Structure formats: structure tokens, C-alpha cells
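[1] Following is a predicted model, sequence given first.
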Amino acid sequence: MTRFDRRRAERGSALGNLITVLLLLGLIGLGVYLWLGQQSGRERTSPSTDARTDAPADGAEDSAQADGAAPEPIEPVVGTPALEAAAAYVPRDGVVQIDISEYAGYGGLIVANGGLEPSPDSFFAREYGFQVRISMSESETWSPLNNGRLAATATMTDVLAVLGRQFEAVIPVQVGYSRGADMVVVDRGIPSVNALAGKVLAASQFNESEFFIRYLAQEAGVPIAVLRDLDSRAPPGALGLVFYEDAFVACDAYERELARPRPRLQGCVGWTPRTEEVVQASNGAAKVLVSNKNLLVVADVLAVNKGFAKAQPAVVGGLVHGLLEGNRRLRDQPDEHVALVARAFGWTPAEAREELARVHLANLPENLAFFSGTIDSAGSFGGIFQSSVLAYGSVIKNPADPARFADTTHLDALAKKGLYADQKIAIAPIRSTAQGALEGDPLLSKDIRFFFEPNSSILDKKAPQNLEYLDTIKRFLQVSPGSTVLLRGHVDNLRVPEFREQGGEQLVKSMALKAMELSRQRALAVSEALRERHKDLDAPRIEVVGRGWEEPAGSDSDKNRRVEVQWFTLE
């Protein structure tokens, strides 16, 4: 069950609702009849019994009902999902089968096809001579694609790292980015991802829900511990994840726990509209810690059966062209196409517009930058893939290379023809308020020990780690348009007792000012080196401050010689 199937399930049919009401009325009448009979029997057998004697303790009945209705965690999958054996897809009667889920990001494909059913008037039929049937399912379709029962399916970039070499598929095009549909909801008092250490969140396994929180925790240096039930606790310093059937159920579980005197969950990871409903129903006890509105690491792609792609390259080229053309029409003339998307998904036009507002439909130059890694305002294909490998850690035993999947042949061909030459990369931050990025708490912080020449603020150019750390900071800014990093310089406090012995508090104060300036100069050196290495970075997005020895990370002086990177994102 994914983002919108719960909404569809809740609607039901008018006839079903009527039947349900009649059955409920009948059951209520039967219950009243039996209760009256029991009351009459009680009066005959024990007229002097005090009613409070048999009553449960205050709240016990409510607790029993709540516990009985609470969702149960599922047994987590150990390792990665196993797929059916690979086989090539073969079209039937010139019709190509593609599967999607109920998500507005796939609206461009629907527009290009003129709906869900095969049509001789579709872009695919008129331009390339084949037709497309689009099915919608809320279960994972990796095995049907792998086994040759589907030509293509929509999926996320991060899951490719999890599926690895068993997944015989090629990725010829990016569909777009999710922008605001995915959220981490936590207890009101939790200020950042770092503060999730020691907490337990509800999530669902092997989808954007799990990847989103794993990505954030990995960047914050908080290890993940998968727990089997709510009575298990995370190891010290780790974030515990309990998995449920899907992300909506995970949100249901957190909402139920909020009503307990001692909640066993401190948050959930899911998607709209359920995440927002949990916050609204919490009476201020819960909040959205972060969404992916300005954190573009959930990227949808079209996965094509590898055998089919090899046998029918012209058809795959047509799918790529049609998807980009549908995206263009939906982006440029939404009023003309929203109704078609709404009908396909069973939404109202207003619902379709609301869901489309949480999507960035990718164009041709964005696709080329996405696969080449040159996009500077969102996650790239290789960057998200490798981030997924790091985030899942030991779950992925033998990681594949992202080049195994990516195939830009058809994108390059469209660019060579000069198609969509007027399109530009148009990803920009979404600002909800005018508040400055550094006025609140950072989303997360990360301590990095840069290497400097002795007793100076000059970066050691012989230390290869320094370049890796600079790229780490750059990735923060890349995947989140409008985000800002604050570089907080620190020095060690090892010599403070020596200064105090030599000159008392006056010398300590004097040396503290020098330490403050040295730490600032070191943070500034990192900022300058970052802009020198990545010249496309916008300088105002990098701020520096020196903290001297005022905020030691512990007794280890090496760890105290560090630059703390605080990442502020827009919400």
C-alpha cells in the first residue's frame, strides 16, 4: 500500500457503505437485546451486587481496546528482497505493458498515452507505432519486471542499490523528484536528526520511507538498528526502526502510541496525507521534523526490462521521448491536462493539482544532468545510488555499480536532434516563509576533522581526507536547493590547565580569544577551499563561525580539533 491507496480504500462504494450501515444497525440492535437480557438476569440472581465491583480499573477498558486495535509490526526481511528469475519481456499485439503506482509524478506518462488504455491517438502510437497499456498496482513490481511480465515499471533510484545485480533492468530516463510528499514526523521536543539517537521510529521496509530516514541518519552519523517489536530498544546512540506493512500503517502505529502514557514510538516516516493527519491529531505532541520538499533525494525513474530493452531499442527510445513530452505538456499547460490525470487516478481535479504541487517533473536537460552528476540543485543518479549503499550499510552485501543500470543512449539522441533546446534546469527552493535559514535548529550536524598544518589555519594539501570532506559538504548543498551550511570551527582544550597554571584566569581568557580566532580561521579556510574546489557553489550558502575550545566533543583532543558542519534546510 503506497501513498494514495489508503485514501482510495477509505472511499469505498455507495452500495458497500449502505450495506455496512444496515449490518451495523442490526448488530447494535442484537447487542442491545442481549444486554437487556443479561441485565434482567443479573437483577434476578444478585440484586445487591455493586456495579463497581466488576468494573475494570479506570482506563483499563480503553487501554485494552486501544491495544487490540493497534497495528502490529511485521517481521523485518533479513538481507535484501529476492526477485524471480530474469526473462525478457515480449510485447503482445504491439501493446507495451507499463505499471505505475497512484502517484502524481507519473502524470506525464498518462498524458503522453492519453489515459491508461492503449490508444491509436497516443504520442507513442502516432510517433513510434506502438501502443501502451498502463496498469496501477500498489504492490512492488520488481519481480514481474525482472521475470518478463512487464516491459517497464516506475520505481525509485535508491531501491536499485538494494536490488543489485539480480535486477535485470535498465534505467533510460528520470521521471522526476518527489517534493514534499515524504515526511519524518517526530515528538515535539526532538530538534534534529542527531537527537533521534536512542529513539524508535515506525517505518516501512525497502521503499522511500526507509531510505529517507536511513539517508538522514547516515549523514548525521547516527547508526540504524532494526527492531522486531515495540518492546525492543535501540542500542545506545542508535536510531531504532520498527517496520510495518506500509508507511500509512506505520503512521497509524505512531498515532496510537501518542495516546499511551509511555509511548514506545517517538515518530514515524511516511508520506502525505497521512503524515499531516498524524500531526493534526496529536494536539501539539508531534511535528514534521523534515520533508523532502527541499531535500531532493527521492528520485523516480523508469525501469525497463533488460532483455526487452536490448531487443527493442526503438520502442524504449519512444518511451523515453513520450515520457519527456508528457512531462512537458503537464508542466507547461497544466490546465489542459490535469483533468486527464485526475480521471486516471480517480481524483478530483483539485486533488490532482494538490498532488502535482509535490512533484517536480523532469525535463531533458535535468535528465542529462541527473545521470551525468552535474546537477547542482538536487540529488544525481550516482549520488543517490551511492548514498543508498552507504545508508543501508551491511544490508547490501555486495553492492553493484550504478553504471550497471543507467543508459542515456536515448536521452543523448534526443539532445543531438535538438529537441527541447529551449528547456532549462528549473529546480529551485520552495520557500514557505521568509524566515532566514539559520534562525532555527539545523536539520542535522556532522563533525569532520580536517587536517591542518601544525598550529595554523592552513589546510594540509597532502591529506586526501580533506578533499573527501569538502565533497561531503558540497553534497549537502547539492541535494537541497536553498539550504545553507554553517561551518563551526573548534580547537582542542588540552592546554587550558597549563595556561591556568602559568597565568591564571587572565591568561586562560587571553588564550581563549586566540583559540576562538584560530577556530574561525580554520572554518574560513574550509569555506575558501570548498569554493575553490566547487566553483559553482553560491558563496552566501556557506557561513562560518569560530567556537574555540568552548564546545569540546569529549576528552579526546584529536576529536576536538574539528569543523562541525550544521545543515539548515528550508521548510
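    It's in.

[2] drop to CA atoms for contacts and neighbour counts, all remaining ones
    Fine.

[3] pLDDT weak spots in the protein?
    Filtered on pLDDT under 70, the chain yields the residue ranges 1-68, 433-439, 493-495, 508, 553-561.

[4] again, only using 90
    For the chain, the stretches with pLDDT under 90 are 1-70, 138-140, 376, 431-441, 447-464, 489-519, 522, 535-537, 546-563, 570-571.

[5] remind me, longest helix of it?
    For the chain, the helix with the greatest residue count under DSSP state H is helix 496-533.

[6] tell me what that one is packed against?
    Applying 3 or more CA pairs under 8 Å, 6 or more residues apart in numbering; DSSP states H and E, one finds that helix 496-533 contacts helix 464-479, strand 484-490, strand 542-546.

[7] what do you get if the cut-off is 6 Å, keeping everything else the same?
    Identification of packing neighbours for helix 496-533 by 3 or more CA pairs under 6 Å, 6 or more residues apart in numbering; DSSP states H and E yields strand 484-490, strand 542-546.

[8] ok but Val132 is inside a strand, no?
    Yes - when DSSP: H, G, I helix; E, B strand; the rest coil is applied, Val132 is found to be in a strand.

[9] tally of neighbours for it?
    As a burial measure, Val132 scores 28 neighbours (other CA atoms under 10 Å).

[10] going forward can the numbers begin at 384, since that is how I track them
    All set: I'll call the first residue 384, so the last point we hit is now Val515.

[11] Roughly how far does it sit from Gly490?
    The gap separating Val515 from Gly490 is 14 Å, by CA to CA, to the nearest Å.

[12] what does Ala686 give?
    Remark: distance between Ala686 and Gly490 (CA to CA) = 16 Å.

[13] Look at the most centrally placed residue in the chain and tell me its secondary structure.
    The centre of the chain sits closest to Phe595, judged by CA atoms, centre = their mean, with a distance of 3.2 Å. Per three-state DSSP, the local secondary structure of Phe595 is helix.

[14] And for the one 4 residues further on?
    In the three-state summary, Leu599 is assigned as helix, counting by three-state DSSP.

[15] Measure how buried it is and give me the count.
    Number of residues near Leu599 (other CA under 10 Å) recorded here: 17.

[16] for the one 4 residues further on, same thing?
    Ala603 has 23 neighbours, counted by other CA under 10 Å.

[17] got it, and the one 4 residues further on?
    The tally of other residues near Ile607 (other CA under 10 Å) stands at 23.

[18] how close does it sit to Val576?
    Distance from Ile607 to Val576, by CA to CA: 12 Å.

[19] do Thr540 as well
    In terms of CA to CA, Thr540 sits 23 Å off from Val576.

[20] now swap in Pro837 and tell me
    Here Pro837 is placed at a distance of 34 Å from Val576 (CA to CA).

[21] Compare the two (neighbour count), which wins?
    Using other CA under 10 Å as the criterion, Pro837 and Val576 rank with Val576 on top: 24 against 9.

[22] That one contacts Leu827, correct?
    Yes - here Val576 lies in contact with Leu827, judged by CA atoms under 6 Å, at a distance of 5.3 Å.

[23] rewinding a little: most tightly packed of the helices and strands packed on helix 879-916?
    Ranked by mean neighbour count, the helices and strands packed on helix 879-916 are led by strand 867-873 with a mean of 26 (mean count of other CA atoms under 10 Å).

[24] Stretch 923-934: end-to-end distance?
    End-to-end span of stretch 923-934 (CA to CA): 25 Å.

[25] cool, stretch 645-660 as well?
    Stretch 645-660 stretches 21 Å from its first residue to its last (CA to CA).

[26] Can you tell me what sits against that stretch?
    564-570, 583-586, 592, 630, 634, 637, 640 (CA atoms under 6 Å, 6 or more residues apart in numbering).

[27] where along the stretch 584-733 of the chain do the strands fall?
    Using DSSP state E, counting those that start in this stretch, the strands of the stretch 584-733 of the chain run over 607-610, 622-627, 650-654, 669-674, 682-688.

[28] could you dump these to CSV with distance to Leu860?
    Shown next, in CSV, are the strands of the stretch 584-733 of the chain (distance: least, CA to CA, whole Å):
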stretch, distance to Leu860
strand 607-610, 24
strand 622-627, 24
strand 650-654, 23
strand 669-674, 16
strand 682-688, 17
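
[29] Tell me which of those sits most buried.
    The most buried one of those (mean count of other CA under 10 Å) is strand 650-654, showing a mean of 30.

[30] Tell me where the stretch 384-533 of the chain has helices.
    Counting by DSSP state H, counting those that start in this stretch, one finds helices in the stretch 384-533 of the chain at the ranges 388-394, 397-428, 443-452, 490-496, 506-511, 525-529.

[31] on that earlier part again, what two of the contacts of stretch 645-660 are the furthest from one another?
    Based on CA to CA, the longest span within those runs between Ala564 and Glu640 and measures 23.0 Å.

[32] And the two? Which one has more around it.
    Ala564 (22 against 19).

[33] For the longest strand belonging to the chain, name the packing helices and strands.
    Once the chain is assigned using DSSP state E, the strand that runs over the most residues is strand 552-561. On a contact count with 3+ CA pairs under 6 Å, 6+ apart, strand 552-561 meets strand 682-688, strand 742-744.

[34] And it, what's buried?
    Neighbour-count burial for strand 552-561, counted by 16 or more other CA atoms under 10 Å, picks out 552-561.

[35] Describe which strands the helix or strand that comes right after that strand pairs with in its sheet and in which direction.
    Toward the C-terminus, strand 552-561 is succeeded by strand 565-570 as the next helix or strand (DSSP states H and E). With DSSP bridges as the test, strand 565-570 is paired with strand 650-654 (antiparallel), strand 669-674 (antiparallel).

[36] can you give me the offset of strand 565-570 from its chain's centre?
    Relative to the chain's own centre, strand 565-570 is displaced by 10 Å; criterion: CA atoms, centre = their mean, to the nearest Å.

[37] who's in contact with it?
    Strand 565-570 has contacts (CA under 6 Å, 6+ apart) with 649-654, 668-675.

[38] May I ask which two of those are separated the most?
    The span of the contacts of strand 565-570, defined through CA to CA, is set by Ala668 and Asn675 at 21.6 Å.

[39] more neighbours, these two?
    More crowded of Ala668 and Asn675, by other CA under 10 Å: Asn675, with 23 against 15.

[40] Now do the same contact list for the more buried one.
    By CA under 6 Å, 6+ apart, the contact set of Asn675 is 562-563, 565.

[41] 8 Å instead, please
    Taking CA atoms under 8 Å, 6 or more residues apart in numbering, we find Asn675 in contact with 561-566, 681.

[42] Can you lay out those residues as CSV showing distance to Pro644?
    As requested, the contacts of Asn675 are exported to CSV (distance: CA to CA, whole Å):
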residue, distance to Pro644
Ser561, 36
Arg562, 35
Gly563, 31
Ala564, 30
Asp565, 28
Met566, 25
Val681, 35
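
[43] Which one (most neighbours) among those residues?
    Neighbour count (other CA under 10 Å) singles out Ser561 as the most crowded of the contacts of Asn675, with 28 neighbours.
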